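Peer 1: Below is the sequence, then the predicted model.
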Amino acid sequence: MDFLTLIQVLDSTLRLATPLLLACLAGLYSERAGIFDIGLEGKMLVAAMFAGAVAAVSGNVWMGLLAGIAASMSLSALHGIASITFRGNQLISGVAINFLAAGMTVLVAQSWFGQGGRTPSLMGGGRFDGIELPFAIGPKDAALSDLSVTKLIEQAGPIQQVYSELISGHTILVYVALLCVPATWWLLFRTRFGLRLRAVGEAPEAVDTAGVSVVGLRFAAVAICGVLCGVAGAYLATGLQAGFVKDMTAGRGFIALAALIFAKWRPWYALSATLLFGLLQAIAVRFQNIEIGGFVIPVQFTESLPYILTVVILAGFVGKAIPPRAGGEPYVKEN
Amino acid sequence: MEKMPRWADVVLIPLISLLLAAFISALVIIAIGEDPIAAVKLMINGALGSTYGWGYTLYYATNFIFTGLAVAVAFHARMFNIGGEGQAMLGGLGVAIACLYIPWPHWTVALLAAIVMSGLLGAAWAAIPAYLQAKRGSHIVITTIMFNFIAAGLLNYVLVNVMRPAGSMDPASAKFPEPTHLPTLHDMLTPLGISFSKAAPANVSLFVALIACVLVWLLIWRMKLGYEIRAQGHSESAAKYAGINPTRIIIISMLISGGLAGAMAINNVMGEAERLVMNATEGAGFIGIAVALMGRNHPFGVVLAAVLFGFLYQGGAELALWTDIPRELIVVIQALVILFTGALDNMVRMPLERIFLALRKERN
């Protein structure tokens, strides 16, 4: 494998890790506040559908992004009402949300566009374009030299290759997702809101005694989760691909959930976990079966590795993953 | 004192939840520009209007009885087995191994072997999450979700690299040999002089599923083990004081649950497809959740809910065939049933409890 191939794999790692990272951080807010969320998948899916649909109709990708966030937040609200207001089972609510999204997206897309449950392919302003950083090789250079971008990067030196292929040329949402990591760390560990949010996931009775609303904090966390899932879904339909197709999340919400456990509910670890899982996806896409010294690693194994690793981590053989103490428990105020 | 009479808890609440789910589904149908009453008529006609329709309805119901029982048994020990889908996939693998590699003389022996193999592999797939929950405290919901994905990867690998016949392109096993063919309802009812559609896939597995219901009822309400499972489900600490070993109960109840989910494969793999294909389970493992919630974890309720979902599945297929309503409508209805009977249970329950308390006060 030559150097450029490696860089290209890392480049697609970054693209594939972005929705995982956003969804993982979304789950982090929710679960740190004591609300389990296995509905990340469903929220991403509705966001992808509405982002794809609105971007296709309006031709404006930003409108699509907003629509995606709104759709995802409405499911977040449902999850909040079921698990916070009515103290229902958070896991069952998550399961219901996933199915609701799986069904509704196809139903709505079919009813609006009649293309078998997909949205029309996005062109021009309907998609997020790659951002060309200064001095990077991009479409402009290609237009000047009548060689393709790929050819130009092939001819460039290694540093320029890393810069142009790996660092430059991503859509804005990739950079936003990366910035969300320090932002989340700062919000959770350096602000009063973050302290309270973490406290409400560990000891809600203490937060209540201090006179801060448990219900309010948990709804805030669930709302942030909805926004981030919305961005993740919108990225799938308008950044990674050009339009929504049925079941396009393809288990990413669950991989994000796995990454969250892998990361032990911490923002920086979440970045490394999602990059690792993104790398596995990128390898599976690019190489299929890998042969190492006469031994073939099947592609199915590479694809299953995130789930297997998560089970190993959960089993506590490689450092124990301890969830927030009050996670999954509805809070009942003392009388 | 109970806040409500028992019949309200067992019948009224599921009924109201179901009506709410139906009402919202009707709104969804109106919103996509179709007529809900015509849709319901078409569904009833397609699913219950002919022996062909009934044959499909009962075929789906058989799947859902197995997975519904699986979820219900785990629920009794207060565990949420979301892994029915993966366990059913492994059950399919068990059926394929039993049918493909051993020459059976007659379908009865083949069926017994298939039940054992599918149950064993299904239980094995539940065993690791159960052990991790019992011994290491890893949350069973997360591990069973992960095991669903691992099962899909494993099945994909086996079908592509091991079981696919030479020269075939699609990832599926060879067709099972003729002696493993299970009698369909048509085969069984014709000698009795009852004509039943030949094309419908409902088969003898339906009766296996009904026997499984009786066995589960005996287990949960008539055996010591069942008592221990329920005790554990009500209060783990109380069960511990009574000398019940929680590790044992968690593992045993999950093994039973996984075995039941795995045994579903005798219906869809052995009875219908007669070969192992990639997406054989078609989400039945997840429908088990809705079925168990609706059926209040009781085998009788599970049968009723399974038939209801069988009706929805077959009716939904008819809708997709004759109207512009996609099959995914059923997924929406399923989601709404899970939402109202599961997550939003208190929304229905709290006002009802208030009404019953008020009525009782008036009477006193």
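Peer 2: Alright, I've got the coordinates.

Peer 1: Next, the buried residues of the longest helix seen in chain A.
Peer 2: Identified as the longest helix of chain A according to DSSP state H is helix A:3-32. Applying a neighbour-count criterion of 16 or more other CB atoms under 10 Å in any protein chain shown, one finds A:4, A:7-32 buried in helix A:3-32. C-betas here are computed from N, CA, C, even on glycine.

Peer 1: Nearest spatial neighbour of the most centrally placed residue in chain B, chain-adjacent residues omitted?
Peer 2: Nearest to the mean C-alpha position of chain B, counting by CA atoms, centre = their mean, stands B:T67 at 2.5 Å. Distances taken as CB to CB, 6 or more residues apart in numbering or on different chains put B:G288 closest to B:T67, at 2.8 Å, once the chain neighbours are dropped.

Peer 1: Tell me how many other residues crowd that neighbour.
Peer 2: The tally of other residues near B:G288 (other CB atoms under 10 Å in any protein chain shown) stands at 35.

Peer 1: contacting residues for it?
Peer 2: B:64, B:66-71, B:84, B:261 (CB atoms under 8 Å, 6 or more residues apart in numbering or on different chains).

Peer 1: before we move on, what about B:L159?
Peer 2: B:171-173, B:276-278.

Peer 1: again, but for B:D345
Peer 2: A:86, A:88, B:13, B:17.

Peer 1: ok, residues contacting the helix or strand where A:T150 lies?
Peer 2: According to DSSP states H and E, A:T150 maps onto helix A:149-155. Residues outside helix A:149-155 that contact it (CB under 8 Å, 6+ apart) are A:4, A:137-139, A:141-142, A:145, A:147, A:160-161, A:164-165.

Peer 1: gap between stretch A:278-286 and the chain center?
Peer 2: With CA atoms, centre = their mean, to the nearest Å as the basis, stretch A:278-286 stands 16 Å off its chain's centre.

Peer 1: buried ones in that stretch?
Peer 2: Quick answer for stretch A:278-286 (16+ other CB under 10 Å): A:278-284.

Peer 1: what do you get for stretch A:328-335?
Peer 2: So, applying 16+ other CB under 10 Å, buried residues of stretch A:328-335: A:328, A:330-331.

Peer 1: what sits against the residue nearest to A:L309 when sequence neighbours are not counted?
Peer 2: Using CB to CB, 6+ apart and skipping residues adjacent in sequence, the residue nearest A:L309 is A:F262, 6.6 Å away. Residues near A:F262 by CB under 8 Å, 6+ apart: A:269, A:273, A:276-277, A:309-310, A:313, A:321.

Peer 1: Looking at those, which one is closest to chain B?
Peer 2: A:T310 (5.3 Å; CB to the nearest CB).

Peer 1: Point out where chain B drops to low pLDDT.
Peer 2: Along chain B, the model assigns pLDDT under 70 to residues B:1-2.

Peer 1: Okay, strands next: where are they in it?
Peer 2: Counting by DSSP state E, chain B has no strands at all.

Peer 1: Which one of the residues in the stretch 101-250 of chain A is closest to chain B?
Peer 2: Closest point on the stretch 101-250 of chain A to chain B, by CB to the nearest CB, is A:G103, at 3.3 Å.

Peer 1: Which pLDDT value does the model give that residue?
Peer 2: For A:G103, the pLDDT comes out at 93.

Peer 1: Up against chain B, what does the stretch 151-300 of chain A have?
Peer 2: With CB under 8 Å from any CB of the partner chain as the criterion, the stretch 151-300 of chain A meets chain B at residues A:251, A:254, A:257-258, A:261, A:298, A:300.

Peer 1: Of these, just say which sits nearest to chain B.
Peer 2: Out of those, the member with the shortest distance to chain B (by CB to the nearest CB) is A:Q300, at 4.1 Å.

Peer 1: Tell me which residues of the helix or strand containing the closest one come out buried.
Peer 2: Assigned by DSSP H and E, A:Q300 falls within helix A:299-314. For helix A:299-314, the buried set under the neighbour-count rule, 16+ other CB under 10 Å, comprises A:299-311, A:313-314.

Peer 1: Determine the angle, from 0 to 180 degrees, between it and helix A:3-32.
Peer 2: 40 degrees (axes from the mean of the first three to the mean of the last three CA atoms, to 10 degrees).

Peer 1: If you drop the residues flanking it in sequence, what lies closest to A:L217?
Peer 2: A:L217 sits nearest to A:V200 (CB to CB, 6+ apart), 4.6 Å away.

Peer 1: where does A:F99 fall, phi/psi-wise?
Peer 2: When read as degrees, to the nearest 10, the backbone of A:F99 gives phi -70, psi -40.

Peer 1: is it true that it touches A:L45?
Peer 2: No. A:F99 lies out of contact with A:L45 (CB atoms under 8 Å); the separation is 10.5 Å.

Peer 1: who's more crowded, these two?
Peer 2: Legend: neighbour count by other CB under 10 Å for A:F99 and A:L45, higher for A:L45 (34 against 27).

Peer 1: just checking, the more buried one touches A:K246?
Peer 2: No. Using CB under 8 Å, A:L45 makes no contact with A:K246, being 9.3 Å away.

Peer 1: so what's in contact with those two at the same time?
Peer 2: A:T105.

Peer 1: returning to that earlier point: and the residue nearest to A:L309, how far from A:S111?
Peer 2: 39 Å (CB to CB, to the nearest Å).

Peer 1: Excluding chain neighbours, what is closest to A:Q115?
Peer 2: A:A109 (7.4 Å).

Peer 1: What are the phi and psi values at that neighbour?
Peer 2: According to degrees, to the nearest 10, A:A109 has phi -60, psi -40.

Peer 1: Go ahead and confirm it touches A:A51.
Peer 2: No. Assessed by CB under 8 Å, A:A109 is found out of contact with A:A51, at 11.8 Å.

Peer 1: which residues do those two both contact?
Peer 2: A:F244.

Peer 1: still on that earlier bit, part of a strand, is the residue nearest to A:L217?
Peer 2: No. Counting by DSSP: H, G, I helix; E, B strand; the rest coil, A:V200 falls outside a strand, being helix.

Peer 1: can you count the residues close to it?
Peer 2: 29.

Peer 1: Got the confidence number for it?
Peer 2: 93.

Peer 1: With A:F317 instead?
Peer 2: In this model, A:F317 carries a pLDDT of 69.

Peer 1: Would you tell me which residues of the stretch 151-300 of chain B are close to chain A?
Peer 2: Residues of the stretch 151-300 of chain B lying near chain A (CB under 8 Å from any CB): B:152-154, B:156-157, B:160-161, B:286, B:289, B:293.

Peer 1: Those in helices, which ones?
Peer 2: Using DSSP H, these in helices are B:152-154, B:156-157, B:286, B:289, B:293.

Peer 1: could I get these as JSON lines with neighbour count?
Peer 2: Shown next, in JSON lines, are those (neighbours: other CB atoms under 10 Å in any protein chain shown):
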{"residue": "B:A152", "neighbour count": "21"}
{"residue": "B:G153", "neighbour count": "20"}
{"residue": "B:L154", "neighbour count": "19"}
{"residue": "B:N156", "neighbour count": "18"}
{"residue": "B:Y157", "neighbour count": "18"}
{"residue": "B:F286", "neighbour count": "24"}
{"residue": "B:I289", "neighbour count": "30"}
{"residue": "B:L293", "neighbour count": "29"}
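
Peer 1: Noted, bye for now.
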